[in-house]
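K.L.:
here is my input, please return the structure:
(2 chains)
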Amino acid sequence: MAFRFSNLVEEALLSARALKDYSENIFNPTIRLGVTGLSRAGKTVFITALVHGLSRGGRFPIFESMSAGRIAKARLAPQPDDAVPRFGYEGFLATLMEQRNWPSSTVDISELRLVIDYQRKNGAERTLTLDIVDYPGEWLLDLPLLNKSYERWAAESLALSRQDPRRRVALDWHAHLATLDPNGRENEQETLTAARLFTTYLRDCRNEQFAMSLLPPGRFLMPGNLAGSPALTFAPLDVPIDGTAPERSLWAMMRRRYEAYKDVVVRPFFRDHFARLDRQIVLADALSAFNAGPEALQDLEAALAGILDCFRVGRSSMLSTMFRPRIDRILFAATKADHLHHSSHDRLEAILRKLVERAMQRAEFAGATVDVVALAAVRATREAQVQRGRDRLPSIVGTPIKGEMADGEIFDGETEVATFPGDLPTNLQGLFKGEDTFRGLAAGSHEDADFRFLRFRPPRLDNRDPDGPALPHIRLDRTLQFLIGDKLQ
Amino acid sequence: MTERVPPRRPATFKLTDPSVVLIDSDESSASSSSSAAHATASASSASSSAPPPRARVQLAQEKEPPIVAPKPPASIINPKKGFRWGTLFWSAATGLVTLAFWLWVSKLIEDLFAQSQTLGTVGMVLAVLAGGSLAIIVGREAFGLIRLARIEQLHARAAKVLETDNRAEARAIIRELLKFEHPNPQLARARHTLEKHLDDIIDGADLIRLAERELMTPLDIEARVLISKAAQRVSVVTAISPKALIDVLFVAIAATRLIGQLARLYGGRPGALGMFKLMRQTVSHLAITGGIALGDSVVQSVFGHGLASRLSSKLGEGVLNGMLTARLGLAAIDLTRPLPFNALPRPQLGDLVKDLMKKREKEE
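P.N.:
Numbers count the residues shown, from 1 in each chain, chains lettered A, B, ... in the order given. Coordinates of the predicted model:
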């Protein structure tokens, strides 16, 4: 009963908020643009490039309102939500442009308000407020937890961790898990150890060699201000799905904390941020999954499917009733398209389309517009042709990040190289069915891999322009046109 | 399906490697990179005694596959049914007439020479002049027809790219279009902008839309002005003309002029034959699209006519004739515009009628 009641309160809060937003919207049209993606997908760079492009006036031929000159100016405005950190645009931009480094990854939600002064096609002068909400994609993976009991989640997490290649990373944690008795008395120290080992396992899964994506609960990897609190101190136990926990047992304690996690972390995020979005872009780094191997790719698909389940529209779950689908446009972007020659972009798009196929159908059925794009918010490379034997390899030229390796060589971060990263597969059917279609870094050494996507430094910019340099990009204009172009008609 | 082509291995090449030859191809020869100047990098030329290049790095656009012009659709009815006697007859007859004409001219000049040396020379010069100008006229007609055919082809190819999103094809279309619209001074800036974006990574359909927005916007506005001016003129003349025959004549002349203007506006240069072809196509296009547009325009025009005829029957006729001209003009836009309407709105009869009525009201 209590559960129902909290649900009701949730509904009321949501409706109240929606009403407030709506009334504000009449006088001052506002778009809340959600930017998400799994970590390292390039969210920060995307937002930085987007804001810079809009406020400076980038080279956006496809973004109609800007190329037609109807956007008078775009400026940053004070942030509307007092409780949400501001997106540190200036700092990120300086890192990108002056130090030629990629900004460090964000660990928390952040927001930035951009006000666009434009003129409609019929001549009327208008303003559009664009609230850009940046949140880690891992938090989205938490949303399905709202529907899951502790036992169910524990069983799923354990099953996942017993598969290759995760099993190798999870050895320590599994060893400790074997010593725990779920029905024994609750014990803070053991819980702490279990949570620590579990977190380590999640973190190891994420590094470049394995590049796993499906790692809930997301806040374990990015604890933010909740680090060390009980709501983040739990771990899966080997318990039956339909069992009940004995009073004051370890199991009951874990279960309580799991519920607390949902109450303290997941629901507020959902209510305050996710449910209020108008437009959504989901960034995915498919190329590093190719780098790592087929397992990483399948994992990425599972993670994206998990994320997309949150975009579900329908009446099937509690989540969806809470979830008023206001999002009418969703864009899936395969980022870092500049790591490929443009002739491969279509393949990249096809792969991403395949990854999100199910979700696209669902969203389109519900009336939302969905599209897929191969994107590079900041283009770090140029294109070239390399002659090798009788082959002409479509390659890219850029400066690899210091410490990157290829062909047994370690780069110093200053020299430019031309690299051919490998041909993306065209057979999409076998790619996600667990067939051994290609070899990645996770399977062995660098020499064996079928793909090698180096990480490049941000481009050297042309400083002669009086307005400051513009950031080169690939299809950022198309992205903007899709996301906000219709509001600027 | 298990047979898999071994994928090309990833590889990395250092630009500073002395055994690597760096070739910078200039922008203009991007499409024909094979003929790019082999400018050896200074680093490698210094060590000319180095072993032969292991790999060449060429900074160039990828060579595009040759674009095959789409074949015109084969006619459904097989025209080659038996021997074409009609064609033979007309060819033979034309040959005969040409010969007779030639005979007549040569006879005439001979007679003139027999009469006097001067008359003969004058006749000769006149004949040569007539022949030369005839050749030029025929050439121009042929050129005009070819140009019209090319517009049609561009239109069809662009429509296809909008569906297939083929980047190489889109770039080929834009290149051709730029050449095509080259003589139009209004578009100098737009052409320059478009040229700059040609080497960017833009998808095919987006590229076509971009070209449409850049190149067609000023032309569309001009076309609308042309059509509403012609329609207005027709409606005024119809309203004041005393005889129906004059109306009809004037409508025909105005429509022909309008179609010619529109064709020239969008880059075509139809001669007399081209104009004839365009007129025929426009009317048949109107017949086809007229049925489709029944919903909005015909009802409106009949209704509008009724309204106007209540004011005065002559005025009503004028408006109706004006609208007919406007519809002819709109149909002609479809035929003469090298890109299909996609990014920009198609001008509607409603807008033109509004213009027309507004003008009338002002004149009342």
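K.L.:
quick one: A:A384 and A:R59, what's the gap?
P.N.:
The gap separating A:A384 from A:R59 is 21 Å, by C-beta to C-beta, to the nearest Å. Just so you know, the C-beta spots here come from the backbone N, C-alpha and C atoms, and that holds for glycine as well.
K.L.:
spell out which parts of the stretch 201-350 of chain B neighbour chain A.
P.N.:
B:201-203, B:206, B:209-210, B:213, B:343 (C-beta under 8 Å from any C-beta of the partner chain).
K.L.:
just to revisit the earlier point, who has more neighbours, A:A384 and A:R59?
P.N.:
Per other C-beta atoms under 10 Å in any protein chain shown, whichever of A:A384 and A:R59 has more neighbours is A:A384, with 26 against 17.
K.L.:
quick one, phi/psi of that one?
P.N.:
phi -160, psi 170 (degrees, to the nearest 10).
K.L.:
bridging residues for it?
P.N.:
Applying DSSP bridges to A:A384 yields these beta-bridge partners: A:S395.
K.L.:
model confidence for it, exactly?
P.N.:
Reading off the confidence values, A:A384 has pLDDT 82.
K.L.:
check B:F89 too.
P.N.:
94.
K.L.:
how's chain A carved up into domains?
P.N.:
Per automatic domain parsing, the domain ranges recorded for chain A read A:15-135+A:274-489, A:148-268.
K.L.:
secondary structure element holding the closest residue to B:L286 other than its chain neighbours?
P.N.:
Leaving aside its sequence neighbours, B:L286 sits nearest to B:A331 (C-beta to C-beta, 6 or more residues apart in numbering or on different chains; 4.4 Å). Element membership of B:A331, judged by DSSP states H and E, is helix B:313-336.
K.L.:
how about that helix: buried residues?
P.N.:
B:315-336 (16 or more other C-beta atoms under 10 Å in any protein chain shown).
K.L.:
hmm, which helix or strand of chain A has the shakiest average pLDDT?
P.N.:
Every helix and strand in chain A was compared by mean pLDDT, DSSP states H and E; the lowest is helix A:318-322, with a mean of 41.
K.L.:
now do the helices in the stretch 1-150 of chain B.
P.N.:
For the stretch 1-150 of chain B, the helices defined by DSSP state H, counting those that start in this stretch cover B:42-46, B:85-115, B:117-164.
K.L.:
OK, contacts around the residue nearest to B:L286?
P.N.:
Contacts for B:A331 were tallied using C-beta atoms under 8 Å, 6 or more residues apart in numbering or on different chains; they are B:282-283, B:285-286, B:289.
K.L.:
so A:A72, which of the three states?
P.N.:
Three-state call for A:A72 (DSSP: H, G, I helix; E, B strand; the rest coil): strand.
K.L.:
what is the residue lying closest to it once chain neighbours are set aside paired to in the beta sheet?
P.N.:
The shortest distance from A:A72 to any non-neighbouring residue, by C-beta to C-beta, 6+ apart, is to A:D117 (4.4 Å). In this entry, A:D117 is beta-bridged to A:K73, A:T127, by DSSP bridges.
K.L.:
next, count neighbours for A:D117.
P.N.:
So A:D117, with other C-beta under 10 Å, has 14 neighbours.
K.L.:
look up how far A:L76 lies from it.
P.N.:
According to C-beta to C-beta, A:D117 stands 13 Å off from A:L76.
K.L.:
per-residue confidence at the residue lying closest to B:R8 once chain neighbours are set aside?
P.N.:
Distances taken as C-beta to C-beta, 6+ apart put A:D423 closest to B:R8, at 5.4 Å, once the chain neighbours are dropped. At A:D423, the pLDDT value in this model is 84.
K.L.:
isn't A:D423 right next to B:R9, touching?
P.N.:
No - using C-beta atoms under 8 Å, A:D423 is not in contact with B:R9; the gap is 9.5 Å.
K.L.:
which of those two has more neighbours?
P.N.:
A count of neighbours by other C-beta under 10 Å puts A:D423 above the other of A:D423 and B:R9, at 20 against 16.
K.L.:
SS state for the more buried one?
P.N.:
The three-state label given to A:D423 by three-state DSSP is coil.
K.L.:
how about B:A263?
P.N.:
Secondary structure, three-state DSSP: B:A263 is helix.
K.L.:
quick one: it from B:R257, how far?
P.N.:
In this view, B:A263 and B:R257 are 11 Å apart by C-beta to C-beta.
K.L.:
that older thread, so the residue nearest to B:R8 versus A:S344, what's the distance?
P.N.:
From A:D423 to A:S344 the distance is 7 Å (C-beta to C-beta).
K.L.:
for B:G268, same thing?
P.N.:
B:G268 is 39 Å from A:S344, by C-beta to C-beta.
K.L.:
compare these two (neighbour count), which wins?
P.N.:
Applying other C-beta under 10 Å to B:G268 and A:S344 shows that B:G268 carries more neighbours, namely 24 against 17.
K.L.:
can I have the buried ones of the contacts of B:A331 as a ChimeraX selection?
P.N.:
Applying 16+ other C-beta under 10 Å to the contacts of B:A331, the buried members can be selected in ChimeraX as follows:
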select /B:282,285,286
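K.L.:
closest one of the contacts of B:A331 to chain A?
P.N.:
B:T289 (25.7 Å; C-beta to the nearest C-beta).
K.L.:
so, low pLDDT: which residues of the stretch 201-350 of chain B?
P.N.:
Residue ranges of the stretch 201-350 of chain B with pLDDT under 70: B:288-315.
K.L.:
ok, which stretches of it are helices?
P.N.:
For the stretch 201-350 of chain B, applying DSSP H, counting those that start in this stretch gives helices covering B:204-211, B:217-240, B:244-265, B:272-292, B:299-311, B:313-336, B:349-363.
K.L.:
buried sites along the fourth one?
P.N.:
The neighbour-count check on helix B:272-292 (16+ other C-beta under 10 Å) flags B:273-275, B:277-279, B:281-282, B:285-286 as buried.
K.L.:
how about these, which pair is most distant?
P.N.:
B:L273 and B:L286 (20.4 Å; C-beta to C-beta).
K.L.:
burial measure for the residue in the stretch 151-300 of chain A positioned nearest to chain B, as a count.
P.N.:
Across the stretch 151-300 of chain A, no residue is closer to chain B than A:N291, which sits at 9.9 Å (C-beta to the nearest C-beta). As a burial measure, A:N291 scores 27 neighbours (other C-beta under 10 Å).
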